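Peer 1: With the input below, show me the fold.
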Amino acid sequence: MVRNPDVKQLLKILIAAAWIDGRIQPEERQYIRQIAQEKNIATDPEIKPWLYELVSVKPEECYKWVEEYLGDSPSTEDCQNLIQDISGLIYSDGEVAIEEAKLLAKLQQLSDESESHQPPLTSILKQVKKLYRRCVEVHN
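Peer 2: Prediction:
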């Protein structure tokens, strides 16, 4: 099976989103690993360290992954698909942490902005950066 680089990038973003509240819940871990299995990338050498939490995700990496995934001019559909994918992860444990809710709200806001033809990538990166800074401050 051909491995789609976008699938790997999306999985890395989901892993980063799972860490946004400072810890990966067992249900989130299961959700991410199930997607990796379904997409046949669970044994991918690039994915394994993050998938099995051998390597932590730094905020800078998350920004880079979001930028690479969405590209220079993401459409509203691209933003909405990312929101949907992250929502599936966040809601998998039956709880929504404050930082997770903020992330979804900001992504929705950015999606709305992209509908008005504003370049959303810079805004997405700034909003995610703010969320991660808050999360890091809370947990340090």
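Peer 1: for the protein, which spans come out with low pLDDT?
Peer 2: The chain contains residues with pLDDT under 70 at 1-5, 59-60, 63, 73, 106, 110, 114-140.
Peer 1: Kindly recompute the last result at 90.
Peer 2: Low-confidence segments of the chain (pLDDT under 90): 1-7, 9, 16-25, 46, 50, 54-140.
Peer 1: Just the helices from it, written as ranges.
Peer 2: Using DSSP state H, the helices assigned to the chain run over residues 5-18, 26-38, 48-51, 59-70, 76-90, 98-115, 120-139.
Peer 1: Only the buried residues of stretch 17-32, if you could.
Peer 2: Going by neighbour count (16 or more other CB atoms under 10 Å), the buried part of stretch 17-32 is Ala17, Ala18, Trp19, Ile20, Asp21, Ile24, Gln25, Glu28, Arg29, Tyr31, Ile32. All C-beta spots, glycine's among them, are computed from the backbone N, C-alpha and C.
Peer 1: that older thread, hey, which of the helices of the chain is tucked in deepest?
Peer 2: Of all those, helix 5-18 has the most neighbours on average by mean count of other CB atoms under 10 Å, namely a mean of 20.
Peer 1: In terms of secondary structure, what does it contact?
Peer 2: Contact analysis of helix 5-18 by 3 or more CB pairs under 8 Å, 6 or more residues apart in numbering; DSSP states H and E lists helix 26-38, helix 48-51, helix 59-70, helix 76-90 as its packing neighbours.
Peer 1: what angle do it and helix 76-90 make?
Peer 2: Following axes from the mean of the first three to the mean of the last three CA atoms, to 10 degrees, one obtains 50 degrees for the angle between helix 5-18 and helix 76-90.
Peer 1: Contacts made by helix 5-18 with the rest, please.
Peer 2: 24-25, 28-29, 31-32, 35-36, 39, 41, 44, 46-47, 50-51, 57, 61-62, 65-66, 68-69, 82, 85-86, 89-90, 100, 103 (CB atoms under 8 Å, 6 or more residues apart in numbering).
Peer 1: Specify the angle between that helix and helix 59-70 in degrees.
Peer 2: Using the same axes, to 10 degrees: helix 5-18 against helix 59-70 is 140 degrees.
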